[in-house]
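J.: Turn this into a model:
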Amino acid sequence: MKIHADSSSLKIPLCFIITGILEMTAFFITAVLFQSDIHVTAPRSPYGWGLTHLFVLGWASMIAMGAVYQLVPVVLNQSLFSQRMGGLHYVFYLVGHTGLIFGFFFFNPRWIAVFGTLLFLAILLFVLNIGITLLRAGQWNPVTLHAGSALVCLILTASSGMFMGFDFTLGKLGVSHDQLLYTHIWLGVAGWFGNLIIGFSYKLLPMFSISHNHPVQWQNRTFILFNLAVAGGALSNLTGIGPWSRFSIMLLAVAFCLYVYALHQIRQAGIKKNPGAGIHFTLRVNLLTALCLLGFAVGSFFVSQPSFFILTVWIGLWGWVYLTIIGYLSKIVPFLWWTFQYGNQVGKNKVPLLSEMIQEKKLKRALYVVGFAFLGTVPGIVTSSTFLFQAGFLLFSLSSLYAISTIGNVFTFRSKEEKSCV
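T.: Predicted coordinates for the structure are as follows:
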């Protein structure tokens, strides 16, 4: 695998990832300070909308886009179509989503319209840049197919969000606002984040496990079933046809089980038996998520749609997307920062080992504390108890800040040689 040690190629990924970490910190600090305003139901207030988009746009999507800018050129062994377009995307996206979040917090329709449009343009730049990079390479495999599908779902997610804004303002689209909302959420969580995480797992796990010659047929089957589930779920939510929704969840559960099995095959072929605490953590999260999805597939026939949807989204967005991202981030951040700081010094000066940049024992403790703290939020949702949910979410927020600080300390790392020079 070719490692891009040119610092200029790492600036855009690092900008997105560092900004995402800062916004995640801001999210949890805000959540702790305004704990009493967090409710167990779906967010229906300007504060709830603002906080939700701070997480989704500020943390998760920032990190995801940074990972795309770094990993797609590595997977294709080709340069990005346009570094300048990537830089412009970062500026537009940062200004657009920040303004949109404040527009939600202060419930200012003009801000929401203006900054929402700017955000949409930023997403178009991203999709165009990565899309052209993928098309020029023409290397279609499970990683690039999932990445391409993620781009399609991202633009559909953004479009449905724009339509919701028009519907809220004009009320003339002839579609239920809730149906648009559920479609928006489904495409974002399952389509955008789901495709991206699954596809990049097929690259990250072999890279950190040193795995070669593993079978890919289950990865191809996962891609087909997963995206059939995404498409079916989106149509179901948009049209309000309940049976389609149940079928889509069942299909999603089957696809996810195949995904877990494909990861198992990669691990079995791996030379490195200990890929790190972050990778072990994400593998366990994937297994638990597969079990949860199987439970949801059965439960969808017995549980009322609104409460079931809230629990499904909560488990999917926080229990899988968030925990998986933070697990992978604990490997990606040290790798990127080491390459950025020391990549051009290899063979010339003594450089620290990659393993020195983060404390594995401390990281492992932090990740599992976050995982168990997340489980503490579930009883509140199941019982619709605001008290239980707020108590669990407070613990979850504090433990997440601890985990983020552990990963963020990588940026303050200095080797023994650097310390001795001070």
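J.: The residue positioned nearest the centre of the chain and L388, how far apart?
T.: By Cα atoms, centre = their mean, the chain has its centre lying nearest to A60, at 4.4 Å. Distance of A60 to L388, computed by Cβ to Cβ, to the nearest Å: 25 Å. Where you see a C-beta, it was placed from the backbone N, CA and C, and this is true even at glycine.
J.: for M164, same thing?
T.: 31 Å.
J.: Surely W59 is in contact with M24?
T.: Yes - with contact defined as Cβ atoms under 8 Å, W59 and M24 form a contacting pair (4.0 Å).
J.: Now do the helices in the stretch 151-300 of the chain.
T.: 177-186, 195-209, 217-239, 242-268, 277-299 (DSSP state H, counting those that start in this stretch).
J.: Per-residue confidence, P275, what does it come out as?
T.: You'll see P275 listed with a pLDDT of 87.
J.: dump the residue contacts of the residue nearest to it when sequence neighbours are not counted.
T.: If the residues on either side of it in the chain are set aside, P275 comes closest to F208, at 4.1 Å by Cβ to Cβ, 6 or more residues apart in numbering. Neighbouring residues of F208 by Cβ atoms under 8 Å, 6 or more residues apart in numbering: K272, P275, G276, I279, K331.
J.: just L395 next, same as before
T.: Going by Cβ under 8 Å, 6+ apart, L395 touches A373, G376.
J.: what angle separates the helix or strand containing it from helix 277-299?
T.: Using DSSP states H and E, L395 sits in helix 386-408. With axes from the mean of the first three to the mean of the last three Cα atoms, to 10 degrees applied, the angle from helix 386-408 to helix 277-299 works out at 150 degrees.
J.: For the stretch 251-400 of the chain, which residues score under the pLDDT cut-off?
T.: 304-307, 347 (pLDDT under 70).
J.: change it to 90
T.: 270-276, 296-315, 335-360, 377-392 (pLDDT under 90).
J.: swap in the stretch 1-150 of the chain?
T.: Applying pLDDT under 90 to the stretch 1-150 of the chain picks out residues 1-10, 30-52, 105, 107-110, 113.
J.: now with 70?
T.: Low-confidence segments of the stretch 1-150 of the chain, defined by pLDDT under 70: 1-8, 36-44.
J.: how about the helices in it?
T.: 7-33, 46-53, 61-76, 83-105, 109-137, 142-170.
J.: Could you look over those and pick the most buried one?
T.: helix 61-76 (a mean of 23; mean count of other Cβ atoms under 10 Å).
J.: Return the distance of that helix from the chain's centre.
T.: 12 Å (Cα atoms, centre = their mean, to the nearest Å).
J.: ok, back up a step: correct me, but the residue nearest to the centre of the chain touches L323?
T.: No - between A60 and L323 there is no contact, the gap being 11.4 Å when judged by Cβ under 8 Å.
J.: can you count the residues close to C257?
T.: If you count neighbours by other Cβ atoms under 10 Å, C257 ends up with 18.
J.: wait, doesn't it sit right on L291?
T.: No - here C257 does not reach L291: they are 9.1 Å apart, not a contact under Cβ under 8 Å.
J.: ok so, going back, tell me which of the helices of the stretch 1-150 of the chain lies nearest to S248.
T.: Nearest to S248, of all the helices of the stretch 1-150 of the chain, is helix 142-170, at 13.9 Å by Cβ to Cβ.
J.: Compute the inter-axis angle for the closest one and helix 217-239.
T.: Angle of helix 142-170 versus helix 217-239, following the same axes, to 10 degrees, is 10 degrees.
J.: circling back to that earlier point, which residues sit in contact with the residue nearest to the centre of the chain?
T.: G20, F193, V321, Y322, I325.
J.: one more time with 10 Å, if that's ok
T.: A60 makes contact with G20, E23, M24, G188, V189, W192, F193, L196, L317, V321, Y322, I325, according to Cβ atoms under 10 Å, 6 or more residues apart in numbering.
J.: likewise V285?
T.: Applying Cβ under 10 Å, 6+ apart, the residues near V285 are G319, W320, V321, Y322, L323, T324, I326, G327, L367, G371, F374.
J.: Let me have the residues you listed in TSV, adding distance to V230 as columns.
T.: Below are these laid out as TSV (distance: Cβ to Cβ, whole Å):
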residue	distance to V230
G319	18
W320	14
V321	14
Y322	19
L323	20
T324	17
I326	23
G327	23
L367	28
G371	26
F374	24
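J.: if we can go back for a sec, the helices of the stretch 151-300 of the chain: which one's closest to Y342?
T.: The nearest among these, by Cβ to Cβ, is helix 195-209 at 18.3 Å.
J.: Name the stretch among the helices of the stretch 151-300 of the chain that sits most buried.
T.: For these, the highest mean count by mean count of other Cβ under 10 Å goes to helix 195-209, at a mean of 23.
J.: Go ahead and confirm L251 touches L225.
T.: Yes - with contact defined as Cβ atoms under 10 Å, L251 reaches L225; the gap is 5.8 Å.
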